[in-house]
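Chemist: I'd like to go over a predicted model; first the sequence, then the structure.
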Amino acid sequence: MKIKTAIIPTKQSFAKVDAPHELHLEAICVFAAIGFFLDQDTYYKDEVVLAPSTKYELNEKGFVVNSEPWFHWHYTPRDITFNQALKEFSSLFETIMQEQTQGKKVILPLSGGLDSRSQAVALKQINADVFSYSYQYKNGFDETSIAKKIAEASHFDFKRFKISNAYLWGVIDDLLQLNKGYSDFTAPRQMAIFEEYAKMGDVFSLGHWGDVLFDSMNVSQLSKEEEVRVLQKKLCKRGGVDFANTLWNAWGLPGDFNTYFASRIEGLLGTIEIKDTNAKLRAFKSKYWAPRWTSINLAVFEKAKPITLPYYDERMCEFICTIPEEYLKNRQLQIAYIQSKAPELARIQWQDQRPFHLNNFRYNKIPYNLPYRIANKVKREIKAVSGKPYIQRNWELQFLGDANKQKLKEVLLDSDLKKWIPKSILANYYNSFFNTDHLQNAHAINILLVLAKFNQKYNG
């Protein structure tokens, strides 16, 4: 069987390798630190995920017989002006959107950012039939108000949703079936409104990865050692390294996690032959982060309707490799595209730069943003005093509170996970999360929940 993987695959393809069928504990420790599996790692030593942009030949038993990369991320900037780059991006982006959505009613998830706003502009340019929607957390920032303004300015149908408390426990087994335990369960909040998708349209247009391709990492030129350290910092979740070290030591693995993790990052960076640090880090994220993290929960959308991803398109990846880094910094191309094609959308608040918009976000600094920051802080403190704390993360709705606490106890402490991970570790993280520090321990709880459900479903 021959398989050609995409530059950024939308789903994982698995193959067999000659190794013992046992848990890949080192890989699971990396998962514990960063929230996804690196490179081709899976839960088991004798199973791998096929690498991106590679041609494979598999035998009848699913073993890899031959493989050959067909694309390499590169940085080959052309001698073009910013306006030339903008013109090329506009044409390419609208061509891709046209090809992906022609003759179909498009489902567009809208946020307060730039990726979906750029899609809204393109869809308007090609006269697409669009149903848009947005969601926000209960007692969280009202991001749907920004999305609604974008939809109204674009003349799209629009519906807003609120992510409710404790929905996770009713869908967690379905979500496990979709992502196979390769992501935490609170990141894909789209699962909260899964039943709504059937009514919306024919095909999703999803804005994943635009924020990585069309921005710079904003670092100076670094040595190889410095690049490894920067990536380690960007990859690791809060409390993730301590959690990984705890599992590493509990399982008696040789050496130490930090050394192992650094060597893995160094080895993977070595596969990218790019000198410019910012372009190299973007390529690393696109090669190893997007397929194993961003793509995992696309399965939720795809279960409901076909999906399209304009920023994943291979022509877009190749285009990015040829654009001078200075044109990508600070989202310049996307901003200029929106300003030139839909100035009314440029004047709508940019969520990451609130209360400013695309034309004045450079004033998002003291003293210009001080009145907003003070008012926002006061508003959040009043909510907290009234018993409605400000919600910024999905796990706050799914894990906190007595009912959620009991559900977590049943899955983590009263399950067979203790046969795999010492109960003392489970109890320590559970108690620390509820009694000491939510933020520091939330990631560990997220991953332990995944491991518990994976153990229940696939490792029995």
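Modeler: Cool, the structure landed.

Chemist: show me where the stretch 251-400 of the chain has its helices.
Modeler: For the stretch 251-400 of the chain, the helices defined by DSSP state H, counting those that start in this stretch cover 257-269, 277-284, 298-304, 314-320, 325-328, 332-341, 343-346, 370-385, 394-399.

Chemist: and what of the stretch 51-200 of the chain?
Modeler: Going by DSSP H, counting those that start in this stretch, the stretch 51-200 of the chain shows helices at 82-101, 115-125, 143-154, 168-179.

Chemist: who wins for proximity to residue 103 among the helices of the stretch 251-400 of the chain?
Modeler: With C-beta to C-beta as the criterion, residue 103 lies closest to helix 298-304 of those, at 19.3 Å. To be clear about C-beta, it is placed using only N, CA and C from the backbone, and glycine gets the same treatment.

Chemist: what is the burial count for the nearest residue to residue 276 once chain neighbours are set aside?
Modeler: The shortest distance from residue 276 to any non-neighbouring residue, by C-beta to C-beta, 6 or more residues apart in numbering, is to residue 75 (5.1 Å). Applying other C-beta atoms under 10 Å, we find 20 residues neighbouring residue 75.

Chemist: quick check: residue 136 touching residue 146?
Modeler: No. Residue 136 is beyond contact range of residue 146, at 9.7 Å (criterion: C-beta atoms under 8 Å).

Chemist: most tightly packed of the helices of the stretch 51-200 of the chain?
Modeler: Comparing the helices of the stretch 51-200 of the chain by mean neighbour count (mean count of other C-beta atoms under 10 Å), helix 115-125 ranks first with a mean of 24.

Chemist: tell me how far residue 344 lies from residue 154.
Modeler: 9 Å (C-beta to C-beta, to the nearest Å).

Chemist: quote the end-to-end distance of stretch 207-219.
Modeler: This stretch, stretch 207-219, spans 25 Å end to end (C-alpha to C-alpha, to the nearest Å).

Chemist: report the buried residues of it.
Modeler: 207-210, 212-217 (16 or more other C-beta atoms under 10 Å).

Chemist: export these to a markdown table and tack on pLDDT, distance to residue 362 and secondary structure?
Modeler: Below are these laid out as a markdown table (pLDDT from 0 to 100; distance: C-beta to C-beta, whole Å; DSSP: H, G, I helix; E, B strand; the rest coil):
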| residue | pLDDT | distance to residue 362 | secondary structure |
| --- | --- | --- | --- |
| 207 | 98 | 24 | coil |
| 208 | 98 | 27 | coil |
| 209 | 98 | 25 | coil |
| 210 | 97 | 21 | helix |
| 212 | 97 | 22 | helix |
| 213 | 98 | 22 | helix |
| 214 | 97 | 18 | coil |
| 215 | 97 | 15 | coil |
| 216 | 93 | 16 | coil |
| 217 | 91 | 20 | coil |
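
Chemist: tabulate these (JSON lines), appending distance to residue 302.
Modeler: Conversion of the buried residues of stretch 207-219 to JSON lines gives the following (distance: C-beta to C-beta, whole Å):
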{"residue": "207", "distance to residue 302": "15"}
{"residue": "208", "distance to residue 302": "12"}
{"residue": "209", "distance to residue 302": "16"}
{"residue": "210", "distance to residue 302": "19"}
{"residue": "212", "distance to residue 302": "21"}
{"residue": "213", "distance to residue 302": "21"}
{"residue": "214", "distance to residue 302": "24"}
{"residue": "215", "distance to residue 302": "26"}
{"residue": "216", "distance to residue 302": "31"}
{"residue": "217", "distance to residue 302": "30"}
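
Chemist: closest one to residue 190 among the helices of the stretch 251-400 of the chain?
Modeler: Here helix 298-304 is closest among the helices of the stretch 251-400 of the chain (C-beta to C-beta), at 5.2 Å.

Chemist: what packs against that closest one?
Modeler: With contacts defined as 3 or more C-beta pairs under 8 Å, 6 or more residues apart in numbering; DSSP states H and E, helix 298-304 has these neighbours: helix 168-179.

Chemist: may I see the buried residues of stretch 266-279?
Modeler: 268-269, 272, 274, 277-279.

Chemist: ugh, typo on my part, it should be stretch 328-345
Modeler: Neighbour-count burial for stretch 328-345 flags 328, 331-339, 341-342, 345 (criterion: 16+ other C-beta under 10 Å).

Chemist: could you do stretch 34-42 as well?
Modeler: 34-42.

Chemist: identify the farthest-apart pair in those.
Modeler: 35 and 40 (17.2 Å).

Chemist: gap between the two ends of stretch 289-299?
Modeler: Taking C-alpha to C-alpha, the first and last residues of stretch 289-299 lie 16 Å apart.

Chemist: right, I mislabeled it, should have said stretch 323-336
Modeler: Per C-alpha to C-alpha, the first residue of stretch 323-336 is 15 Å away from its last.

Chemist: quick one on the thing from earlier: dump the helices of the stretch 51-200 of the chain to TSV, plus distance to residue 132 and mean pLDDT.
Modeler: Output for those, formatted as TSV (distance: least, C-beta to C-beta, whole Å; pLDDT from 0 to 100):
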stretch	distance to residue 132	mean pLDDT
helix 82-101	13	98
helix 115-125	7	98
helix 143-154	5	97
helix 168-179	23	97
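
Chemist: ok, which of the ones you listed comes nearest residue 324?
Modeler: Closest among those, once you apply C-beta to C-beta, is helix 82-101, at 7.6 Å.

Chemist: identify the residues contacting the helix or strand of the chain with the lowest mean pLDDT?
Modeler: Sorting the helices and strands of the chain by mean pLDDT, DSSP states H and E puts helix 370-385 at the bottom, at a mean of 79. Under the contact criterion C-beta atoms under 8 Å, 6 or more residues apart in numbering, helix 370-385 has outside partners 139, 354-355, 389-390.

Chemist: among the residues you listed, which are in strands?
Modeler: Among these, no member is found in strands (DSSP state E).

Chemist: name the nearest residue to the spatially most central residue of the chain, sequence neighbours excluded.
Modeler: When C-alpha atoms, centre = their mean is applied to the chain, the residue found nearest the centroid is residue 294 (3.7 Å). Excluding the flanking residues, the one nearest residue 294 by C-beta to C-beta, 6+ apart is residue 208, at 5.3 Å.

Chemist: next: residue 308.
Modeler: Nearest residue to residue 308, sequence neighbours excluded (C-beta to C-beta, 6+ apart): residue 100, at 3.8 Å.

Chemist: same deal with residue 187?
Modeler: For residue 187, the spatially nearest residue (C-beta to C-beta, 6+ apart) is residue 297, at 6.6 Å.
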